[in-house]
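Peer 1: Pasted the sequence and its predicted model underneath.
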Amino acid sequence: MNARRALVAANWKMNGSRAANDAWLSEFAARKAGLACEVVVCAPYVYLEQLQHALQRDQIGAQDASAHEAGAYTGDIAAQMLYDAGCGWVIVGHSERRQWHGETDAIVAQKAERALQAGLQPIVCIGETLQQREAGKTNAVLRAQLAAVLQRIGAERLARGALAYEPVWAIGTGRTATPEQAQGVHVALRAQIGIDDSAAGRAVRILYGGSVKPANAAELFEQPDIDGGLIGGASLIARDFVAICAATHT
Ligand code: PGA
């Protein structure tokens, strides 16, 4: 029996407008009845307040937070400000941050710690690139990315948020890891967390992300160690996002 409650997070990335978000929120409200999973919507900073009209704190997330507490970091947003603005969650270490903003494993770990200190639940993203997969380095890369976070915050605090496995080659490409591939990775990640703290290993939710769609969500979520998803492209259409949420097995 899997006692973990499924979690599905929308990652809108740099998409949306006030009008489009309002339409999304109305459609979501009209369709969400009966969903058993936990839902989080991660919107661009400037729209976080707009989400508060329709969602609770524990359903609102940001897509990044600074590794610093406060000060002279022009353009950055502190985790505490996100909490202050009504957020309950924040994504850290998304591969697009790692790739376009040079975020290292150490920075990602620091961001996760700041998020927890501010009262936010971090969704910590890890994943291998196609090049790393083809070089047979998938396990080593994931192990190192996770180890950096565990070293800094420990397994118990990681389990207060969630871990997201997002193979970089599957993000926005239409290529998904097979359910068996993803399940195999999730088992290995859970075992690594369990070495640190066995209860946390059992409790931590591990999400899969990378081209999840209504058509492939059920077969992914059926896997015993896939506890939900981090949804990019398909989350922009409320109907598709709700269909993905409805495919969770809780
Ligand atoms: P995708 O993105 O669903 O568009 O592949 C997932 C993500 O980057 O979180």
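Peer 2: Done, it's in.
Peer 1: pLDDT-wise, which helix or strand of this protein ranks last?
Peer 2: When the helices and strands of the chain are scored by mean pLDDT, DSSP states H and E, helix 130-134 comes last with a mean of 94.
Peer 1: thought Ala106 was touching Val149?
Peer 2: No - contact status for Ala106 versus Val149: not in contact, 9.7 Å apart, counting by Cβ atoms under 8 Å. Every residue, glycine included, has its C-beta placed from N, CA and C.
Peer 1: Between the two, which has more neighbouring residues?
Peer 2: Set side by side, Ala106 and Val149 give different neighbour counts by other Cβ atoms under 10 Å, the larger being at Val149 (28 against 13).
Peer 1: before we move on, which element is the more buried one in?
Peer 2: Using DSSP states H and E, Val149 sits in helix 138-158.
Peer 1: Equivalent analysis for Gly201, please.
Peer 2: helix 198-203.
Peer 1: tell me which strands and helices that helix is in contact with?
Peer 2: Using 3 or more Cβ pairs under 8 Å, 6 or more residues apart in numbering; DSSP states H and E as the contact definition, the elements that helix 198-203 packs against are helix 138-158, helix 179-196.
Peer 1: Now the shortest one: buried residues?
Peer 2: So the one you mean is helix 179-196. Residues of helix 179-196 classed as buried under the neighbour-count rule (16 or more other Cβ atoms under 10 Å) are 179, 181-186, 188-190, 192-194, 196.
Peer 1: Kindly reformat those as CSV containing distance to Gly86 and pLDDT.
Peer 2: Compiled in CSV, these are given as follows (distance: Cβ to Cβ, whole Å; pLDDT from 0 to 100):
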residue, distance to Gly86, pLDDT
Pro179, 35, 96
Gln181, 37, 95
Ala182, 32, 96
Gln183, 35, 98
Gly184, 38, 97
Val185, 33, 97
His186, 31, 98
Ala188, 36, 98
Leu189, 30, 98
Arg190, 31, 98
Gln192, 33, 98
Ile193, 29, 98
Gly194, 34, 98
Asp196, 32, 96
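Peer 1: Identify each of the helices in this protein and give its residue range.
Peer 2: Along the chain, the stretches classed as helices by DSSP state H are 18-31, 48-51, 79-84, 95-100, 105-117, 130-134, 138-158, 179-196, 198-203, 214-221, 238-246.
Peer 1: count of neighbours near the residue of the chain found nearest the ligand?
Peer 2: Of the residues in the chain, the one nearest the ligand is Gly232, at a distance of 2.2 Å by Cβ to the nearest ligand atom. By other Cβ under 10 Å, 23 other residues sit near Gly232.
Peer 1: pretty sure Gln121 is in contact with Ile91, am I right?
Peer 2: No - using Cβ under 8 Å as the test, Gln121 is too far from Ile91 to be in contact (10.4 Å).
Peer 1: Look at these two and report which has more neighbours.
Peer 2: Just comparing Gln121 and Ile91: by other Cβ under 10 Å the higher neighbour count belongs to Ile91, 28 against 18.
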